[in-house]
Structures are given as structure tokens and as C-alpha cells.
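[1] Pasting the sequence and the predicted coordinates here, then a few questions.
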Amino acid sequence: EVQLVESGGIVVQPGRSLRLSCVASGFTFDDYTMHWVRQVPGKGLEWVSLITWDGLTTYYADSVKGRFTISRDNTRNSLYLLMNNLRLDDSALYFCAQGSLYSGTYRSPHYDHWGRGTQVTVSS
Amino acid sequence: QSVLTQPPSVSGTPGQRVTITCSGSNSNIGINYVYWYQQVPGMAPKLLIFRNNLRPSGVPDRFSGSKSGTSASLAISGLRSDDEADYYCAGWDDGLSGPLFGGGTKLTVL
């Protein structure tokens, strides 16, 4: 059974940094592109970032570019999101999502599996 | 501006057929596949349709997707009370170099 378990979400002050983690199991982690998607409670989904299976290619939403860094450790089946200079509007539930298999295009919002999310609240 | 536009809400009665639309542009839907997700409040989204009109294993054939030009639609037939959820379309946007989600449509089963 595929499992994605996010952690690291807390209440943090504006301008501070935070690192989210997502531990994967039940599939060959280093075969898949991985994504972070966030959602403000009661609002819609917003894609945040992706990293290809080999860690060599990353993309970011304009809203987080230059502040967030996605990374992965395939030896630990883990995905990370380092969030710097946090803003009030970064408050959201952050989901880790399994993207496309390496043999296909990573340019796709095809998410077969999602975690339950970790809540980040930016507040002074 | 790259956006995918969905109606905020739709409703129907049990057994009825409803359609949710998703309007995009030539930088997203017009040239890339469309995906649809169902999200029950408090839960993670669930993939309903991929590559415009394909269903993952386990998704009933009451759910169907279509695409024409820069617009796409999700149709739900034989509406059931447990179909009540939020529905999101999604697609890759070449201008943004990233995935784009629609604003979501809340389906109410009356």
C-alpha cells in the first residue's frame, strides 16, 4: 500500500524558516517525480513545487520562487520542502503527492497518491 | 494570465446527470491533458480522470471526462449522495511551467 506521510508543519512567525518532510513507502520512491501542493482551509488547491525522480529538475510556483526549495533523499525515501522568509499567505495545509513515473513526462498534474497533509500557520 | 475557470457550485438530485466545466487557454488545456480530482472535506484529493477522459482503476464509469479546444468537462451520471464533494480540474500550463488547478466546484446533491 502506498503511503505518504508529511510532517514538520507548525505555527511560525513571518520571516522565519521551516522545513517540511514527506516519507514515502509502498512504491519505488526514486522512480517518481514528487510534488508539493497546498490548500488554505476552505479554499482551492495550489501547486507549489515539483522535483524529478533524479532530483535534477525542479519547478516552483511564482508565489514561492526564490523562497522555497524542494529536495529529496532517495536513500531515505523522503521529500523535503525548505520554506524561507515565510509570509502570512503561506499558511495552508501542505500535501505531498506522487507524480509521474520516470518513463513518462514530469510535466503533468497526475497524482495517484496524496498524503494527508501537514498544517503550516504563519502568524505573528 | 493563466487560470482554469470552474463554476463555484453545481447541484443535482439523486439519479440526475450533472456537468462541471473547466475553461482554460492555449497555454494549458488547449495543448495539454486535463485531469479531474474529487475532494471530500477533510480528506486528500482523489484522482477521478486523467489524460482528458481516462479513469483510474476503481473509479466508476458514472464519471466521464471530455475536452474540446480550450475547455473540458466532467460529467457525473446517476448522481448519488456520496458524490457530494469539491471537484477540481487541473492541467500543465506551458506559460507557468507548472501545473494549474481550477478554483474548484462544490457539488451539492439535493
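    Cool, got the structure. This one's a predicted model, so the numbers in the text were calculated from it and none came from an experiment.

[2] Please name the residues that touch A:Thr28.
    Contacts here follow C-beta atoms under 8 Å, 6 or more residues apart in numbering or on different chains; on that basis A:Thr28 touches nothing. C-beta coordinates here come from the backbone N, C-alpha and C atoms, glycine included.

[3] What's the separation between it and A:Asn74?
    According to C-beta to C-beta, to the nearest Å, A:Thr28 stands 10 Å off from A:Asn74.

[4] do the same with B:Pro56
    As for B:Pro56, its distance to A:Asn74 is 25 Å (criterion: C-beta to C-beta).

[5] Who has more neighbours out of the two?
    A:Asn74 (15 against 12; other C-beta atoms under 10 Å in any protein chain shown).

[6] Bridged to A:Thr118, which residues?
    A:Tyr94 (DSSP bridges).

[7] From what I see, A:Phe95 and B:Gln39 are in contact.
    No. A:Phe95 is not in contact with B:Gln39 according to C-beta atoms under 8 Å; the separation is 10.5 Å.

[8] between the two, what contacts are shared?
    Common neighbours of A:Phe95 and B:Gln39 (C-beta under 8 Å, 6+ apart) are B:Pro45.

[9] Ends of stretch A:14-34, what's the gap?
    One end of stretch A:14-34 sits 27 Å from the other (C-alpha to C-alpha, to the nearest Å).

[10] did I read that right, A:Leu20 in a helix?
    No. Using DSSP: H, G, I helix; E, B strand; the rest coil, the assignment for A:Leu20 is strand, not a helix.

[11] Might you report the residue contacts of it?
    A:Glu6, A:Ser7, A:Gly8, A:Gly9, A:Trp36, A:Tyr80, A:Leu81, A:Met83, A:Tyr94, A:Cys96, A:Thr118, A:Val120.

[12] Next one, pLDDT for the second one please.
    Among the per-residue scores, A:Ser7 shows a pLDDT of 98.

[13] who's in contact with it?
    When contacts are counted by C-beta under 8 Å, 6+ apart, A:Ser7 is found next to A:Leu20, A:Ser21, A:Cys22, A:Val23, A:Thr118.

[14] The same query, at a cut-off of 7 Å, please.
    Contact analysis of A:Ser7 by C-beta atoms under 7 Å, 6 or more residues apart in numbering or on different chains lists A:Ser21, A:Thr118.

[15] and if you look at the fifth one?
    Taking C-beta under 7 Å, 6+ apart as the contact definition, A:Trp36 lies against A:Val48, A:Ser49, A:Ile70, A:Leu81, A:Tyr94, A:Cys96.

[16] neighbours of the closest residue to B:Asp61 other than its chain neighbours, just the number please.
    Of all residues not flanking B:Asp61 in the chain, B:Arg55 sits nearest, at 6.9 Å (C-beta to C-beta, 6 or more residues apart in numbering or on different chains). Around B:Arg55 there are 17 other residues, counting by other C-beta under 10 Å.
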